[in-house]
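**Student:** Sequence first, then the predicted structure, then my questions.
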Amino acid sequence: MTINHTSDETCAFNPGDHSRVKHTKVGVWDLYEDIPRKLDHVPGASSIEKILEMKQDLPYLWRMLADIASIKSCWFLLGTYTFLCFLIDAILPAVSLWFSGQMLIIVQTVVDTRAVDKSLLLRIVAGTMCCSVSQSLLSFWSHKINVPLEQRLNQHFDQHLFRARARLDLPTYEDPVIQHQLAGVTPSNGRSIAVTTVYITTGVMQACLYVIGQFAVMFHVFREQPDALLLALFMLAALLMQQAGGRFGGVITARVWAATTKNEDYLRKQGSKRIVYNSGHRKEMIAGNLVQYLVAQFVAASKRLGEDEGDFAELASSWRNHRSNWHLVSTIMRSFDLLPQVLFILNAARLPASIPVSIASIRLIQQSLHTFAWELHSIYDNIQGLSKQLTDVRKLYDVAEIPNRIQDGDKPFPEDTQKIAAGISLEFINVSFRYPGSDTYALRGVSFKLLAGQLCIIVGSNGSGKSTILKLITRLYDPEEGEILLDGRNIRTLRLYDLRQAISVLFQDYTLFPLSIRDNIGLGDPEHACDKERIERAAELGGASEFIARLPEGLDTYLERPVKDHYGDLPAGTHTLFGRRVDYNGLRGAGEMSSTAQIGLSGGQMQRLAVARSFMRSIVSDEQKVGLLLFDEPSASLDPTAEHDLFVRLRALRGNKTMVFSSHRFGSLTRHADMILYMSNSAILESGNHEQLLARDGEYARLWKLQAQAFL
Ligand SMILES: Nc1ncnc2c1ncn2[C@@H]1O[C@H](COP(=O)(O)OP(=O)(O)OP(=O)(O)O)[C@@H](O)[C@H]1O
């Protein structure tokens with residue numbers, strides 16, 4: 001069993017290794033509590049020790065404050081907000097308390113002398129009213145300041161995270177540990193870590209100031225009444241004990257715990273449920289005649305499970321509520337409520353002459369102490385929260401420094417920008433490669449050489465390594481062994497930016513972005529992403545103009561709207577809203593429809609858009625930036641006419657650029673290739689041009705004849 005922590009590491013936990021771990025059965029679940037702390041990397045889970053640990057993360061708080069200072073007007077907003085909070089939470093409550101104390105003195109005087117100091121009474125009433133008016137005015141202004149402050153902080157740290165994610169290369173980004181790390185800093189509630197940190201930090205300061213202010217005033221008010229101070233101390237002790245009791249009766253989440261189930265019936269039942277509920281398994285379920293079997297299994301397992309069955313969260317909450325020892329502790333703690341009054345009465349009975357404290361002042365003491373004790377606890381809670389928050393702040397900065405697996409080179413490329421128009425030579429020398437986490441080689445000992453301006457076609461069966469060659473040329477991954485040379489230079493030594501600028505690649509598993517069609521094509525050449533003429537020409541060359549023209553919003557059509565429309569209670573049968581099909585999110589998800597199905601694009605049309613994007617970069621551009629064109633199955637979804645047109649256009653427009661094609665089809669293009677690589681089992685089996693390979697009468701010739709015979 002594994003416990004996933006919020007820290008960067010994942011700790012293995014085997015309950016059998018820890019004799020003191022408390023094990024309880026909750027339904028079919030095994031709940032483990034009091035797992036040794038060394039497995040718990042969550043600071044501030046419940047102990048002072050964890051709070052002390054937060055000093056390691058304090059430098060990140062200073063760094064964040066320095067960052068905040070760099071945001072326009074943020075210091076001013078933050079300073080004003082903190083000052084207002086100080087007035088609202090520390091000064092005004094203390095002043096109010098002081099007025100209440102003065103009121104008590106008047107009451108006491110009236111009882112003792114039957115005389116009222118009217119001007120003092122007036123001043124107290126006026127002062128109390130001023131306090132409450134100021135309180136609401138200041139609260140209003142603090143909310144007003146909150147909005148721009150939160151917005152600026154969110155924006156700034158949103159950009160920080162965007163940059164941190166965007167800079168990661170493929171192997172680093174695909175790493176599950178990195179994904180976990182990134183998930184840990186992505187706010188789920190839309191509020192950035194910085195905003196939460198600011199609130200928690202100001203919360204701690206406010207609570208401290210409040211407690212100090214209240215304490216000073218209480219001390220001043222009750223200084224003359226020793227019994228009142230004694231009573232106050234009794235009450236405070238009782239309240240703190242009660243609050244501690246409330247904590248004991250609390251939740252298991254305050255402790256280190258984990259739960260799992262090994263119940264075969266439960267596991268099988270949940271497994272069957274997923275097969276039936278997930279449409280991805282439907283083909284196999286129906287074709288394999290599994291329906292009756294699954295239903296029988298499901299019913300039988302339900303019967304055997306009986307009452308034990310249940311979701312862990314539900315079972316755990318009812319189990320917690322019935323743990324008798326917690327009830328006992330909280331009940332005992334509640335009875336402490338009366339203790340101060342009992343002690344006070346006993347003291348008054350013993351020394352009746354010394355009762356200067358009125359009933360009104362007992363009430364005041366009680367009220368003030370409730371808030372006082374609550375604030376004391378909230379300081380503890382807030383510091384715990386701050387300790388956890390500082391870990392998040394550290395992670396926020398750590399993700400911006402995750403090292404990339406693909407190291408950047410320092411040599412500019414190409415040395416002579418004019419030469420690039422004549423193409424780039426490409427050489428693989430004994431290249432072997434395995435995908436991260438995989439034991440099998442995707443390429444093994446691959447060597448070939450392509451001269452500048454040549455056309456190379458890579459053919460071979462599924463999984464033979466064709467796409468991998470293209471991925472290595474663009475340095476999405478680096479080979480384990482061997483070298484790849486461009487114009488005779490090892491690509492690892494070249495600046496990554498330059499290398500990728502010099503290459504245009506269309507992957508087999510291309511993705512269309514959730515943007516407009518215009519942007520999807522324009523992004524082929526970001527420098528000219530707004531150049532309408534180039535975009536239209538690229539769309540035309542990619543064979544996409546016709547269907548784009550038929551779309552109501554043309555180039556401005558969004559393939560997938562990145563922002564959802566909101567709606568409620570639409571009349572039944574409403575299909576369009578704001579000129580778009582209604583995005584019945586749940587239904588679409590359930591039907592597993594792709595986003596492009598919404599605007600009705602076919603696979604071939606999407607491929608034409610992808611080709612257009614690649615042309616935007618390589619063909620349409622006036623500047624000669626690209627010298628190597630890579631195409632991975634660019635015609636897989638195209639009809640024969642579109643495929644033919646595409647190849648004709650490519651041959652005519654590529655000029656002298658070097659071109660590498662990966663394909664399953666032995667079409668007209670292979671005849672024009674300067675070099676054909678026939679791949680099988682991660683290696684190059686045969687290489688040469690079409691005539692040479694036919695003359696060799698090997699695998700290539702066999703497959704060529706096989707395809708040719710189909711048309712005889
Ligand atoms: N991201 C990946 N992670 C792990 N293994 C991968 C990954 N991508 C490909 N492979 C494996 O690498 C090998 C070569 O895959 P590659 O995609 O290069 O084959 P291909 O010749 O292009 O296949 P196809 O004709 O089906 O496109 C295959 O065994 C494949 O399973």
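**Tutor:** Done, it's in.

**Student:** thought Val211 was touching Ala373?
**Tutor:** No: counting by Cβ atoms under 8 Å, Val211 stays clear of Ala373, with 9.8 Å between them. In short, each C-beta sits where N, CA and C put it, glycine included.

**Student:** Now do the same contact list for Lys273.
**Tutor:** By Cβ atoms under 8 Å, 6 or more residues apart in numbering, the residues touching Lys273 are Phe298.

**Student:** That one: helix or strand, and which one exactly?
**Tutor:** Secondary structure assigned from DSSP states H and E places Lys273 in helix 264-277.

**Student:** What's the mean pLDDT across that helix?
**Tutor:** Helix 264-277 shows a mean pLDDT of 76.

**Student:** Next, the buried residues of it.
**Tutor:** Along helix 264-277, the positions that meet the burial threshold by neighbour count (16 or more other Cβ atoms under 10 Å) are 265-266, 268-269, 272.

**Student:** Equivalent analysis for stretch 473-482, please.
**Tutor:** When burial is assessed from 16+ other Cβ under 10 Å, stretch 473-482 yields the following buried residues: 473-477, 479, 482.

**Student:** With distance to the ligand added, can I get these in JSON lines?
**Tutor:** Supplementary listing: the buried residues of stretch 473-482 in JSON lines, determined by distance: Cβ to the nearest ligand atom, whole Å:
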{"residue": "Ile473", "distance to the ligand": "12"}
{"residue": "Thr474", "distance to the ligand": "13"}
{"residue": "Arg475", "distance to the ligand": "15"}
{"residue": "Leu476", "distance to the ligand": "9"}
{"residue": "Tyr477", "distance to the ligand": "9"}
{"residue": "Pro479", "distance to the ligand": "13"}
{"residue": "Gly482", "distance to the ligand": "16"}
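
**Student:** Next step: these restricted to helices.
**Tutor:** Ile473 (DSSP state H).

**Student:** Format the buried residues of stretch 473-482 as TSV; extra columns: distance to Thr557 and pLDDT.
**Tutor:** Listed next are the buried residues of stretch 473-482 as TSV, based on distance: Cβ to Cβ, whole Å; pLDDT from 0 to 100:
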residue	distance to Thr557	pLDDT
Ile473	33	95
Thr474	29	91
Arg475	34	92
Leu476	30	89
Tyr477	34	92
Pro479	41	96
Gly482	45	96
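
**Student:** how about Ala259, what does it touch?
**Tutor:** 26, 29-32, 312, 316.

**Student:** Would you mind naming what in the stretch 501-650 of the chain lies close to the ligand?
**Tutor:** Counting by Cβ under 6 Å from any ligand atom, the residues of the stretch 501-650 of the chain lying close to the ligand are Gln508.

**Student:** Could you list the low-confidence segments of the stretch 1-150 of the chain?
**Tutor:** Per-residue confidence for the stretch 1-150 of the chain (pLDDT under 70) gives these ranges: 1-21, 34-53.

**Student:** what are the ranges of the strands in it?
**Tutor:** Taking DSSP state E, counting those that start in this stretch as the criterion, the stretch 1-150 of the chain contains strands spanning 2-4, 10-12, 22-26, 29-33.

**Student:** Relative to the ligand, how far out is Gly627?
**Tutor:** Distance from Gly627 to the ligand, counting by Cβ to the nearest ligand atom, to the nearest Å: 23 Å.

**Student:** right, and the secondary structure at Gly437 would be what?
**Tutor:** Remark: Gly437 carries the secondary structure label coil [criterion: DSSP: H, G, I helix; E, B strand; the rest coil].

**Student:** That one: what's it in contact with?
**Tutor:** Per Cβ under 8 Å, 6+ apart, neighbours of Gly437: none.

**Student:** Then the one 4 residues further on?
**Tutor:** Contact partners of Tyr441, counting by Cβ under 8 Å, 6+ apart, are 432-434, 682.

**Student:** ditto for Leu77
**Tutor:** Listed by Cβ under 8 Å, 6+ apart, the contact set of Leu77 reads 145, 148-149, 152.

**Student:** Let me know the next secondary structure element after the longest helix anywhere in the chain.
**Tutor:** When every helix of the chain is counted residue by residue (DSSP H), the longest turns out to be helix 118-166. Secondary structure here is assigned by DSSP H and E; on that basis, the next helix or strand after helix 118-166 toward the C-terminus is helix 170-174.

**Student:** Report whether that next one contacts the ligand.
**Tutor:** No: applying Cβ under 6 Å from any ligand atom, one finds helix 170-174 out of contact with the ligand, separated by at least 7.3 Å.

**Student:** quick one: buried residues of that helix?
**Tutor:** Neighbour-count burial for helix 170-174, counted by 16+ other Cβ under 10 Å, picks out 170-173.

**Student:** In terms of distance to Leu706, which of these ranks first?
**Tutor:** For these, the minimum distance to Leu706 (Cβ to Cβ) is 35.6 Å, reached by Leu170.

**Student:** What sits closest to the closest one if chain neighbours are left out?
**Tutor:** Once its chain neighbours are removed from consideration, Leu170 has its nearest residue in Leu476; the separation is 4.7 Å (Cβ to Cβ, 6 or more residues apart in numbering).

**Student:** my read: that neighbour touches Thr172, true?
**Tutor:** No: taking Cβ under 8 Å as the definition, Leu476 is not a contact partner of Thr172, at 11.1 Å.

**Student:** joint contacts of the two?
**Tutor:** Both Leu476 and Thr172 are contacted by Ile406, under the criterion Cβ under 8 Å, 6+ apart.

**Student:** Could you list the contact residues of the stretch 251-400 of the chain toward the ligand?
**Tutor:** For the stretch 251-400 of the chain, no residue is in contact with the ligand (Cβ under 6 Å from any ligand atom).

**Student:** any weak-confidence spans in the stretch 251-400 of the chain?
**Tutor:** For the stretch 251-400 of the chain, the stretches flagged by pLDDT under 70 are 251-258, 276, 278-292, 307, 309-311, 313-315, 317-367.

**Student:** same thing but 80
**Tutor:** Residues of the stretch 251-400 of the chain meeting the criterion pLDDT under 80: 251-264, 267-294, 297, 305-378, 380-382, 384.

**Student:** returning to what we had before: for the longest helix of the chain, which helices and strands make contact with it?
**Tutor:** With contacts defined as 3 or more Cβ pairs under 8 Å, 6 or more residues apart in numbering; DSSP states H and E, the packing partners of helix 118-166 are helix 58-70, helix 74-86, helix 92-113, helix 176-185, helix 193-222, helix 359-398.

**Student:** For the last one, buried residues please.
**Tutor:** Of the residues in helix 359-398, those buried by neighbour count under the rule 16+ other Cβ under 10 Å are 361-362, 364-365, 368-369, 372-373, 375-379, 381-397.

**Student:** now do the fourth one
**Tutor:** Of the residues in helix 176-185, those with enough neighbours to count as buried (16+ other Cβ under 10 Å) are 178, 180-182, 184-185.

**Student:** tell me the average confidence for stretch 684-697?
**Tutor:** For stretch 684-697, the mean confidence score works out to 93.

**Student:** Would you mind pulling the contact partners of that stretch?
**Tutor:** When contacts are defined by Cβ under 8 Å, 6+ apart, stretch 684-697 is touched by residues 446-448, 460, 670-671, 673-679, 698-701, 704.

**Student:** Would you show me how to pick out the buried ones of those residues in PyMOL?
**Tutor:** The following PyMOL line selects those of those that are buried, judged by 16+ other Cβ under 10 Å:
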select buried, resi 446+448+460+670+673+674+675+676+677+678+679+699+700+701+704
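
**Student:** Same list, the contacts of stretch 684-697, but only the ones touching the ligand.
**Tutor:** Contacts with the ligand are made by Gly460 out of these, judged by Cβ under 6 Å from any ligand atom.

**Student:** Okay, and which of the contacts of stretch 684-697 map to helices?
**Tutor:** For the contacts of stretch 684-697, membership in helices holds for 670-671, 699-701, 704, with DSSP H as the criterion.

**Student:** Now the two most distant members of those.
**Tutor:** The widest separation within these, taken as Cβ to Cβ, falls between Arg671 and Glu699 and amounts to 17.8 Å.

**Student:** which SSE is Ala259 in?
**Tutor:** Using DSSP H and E, Ala259 sits within strand 257-261.
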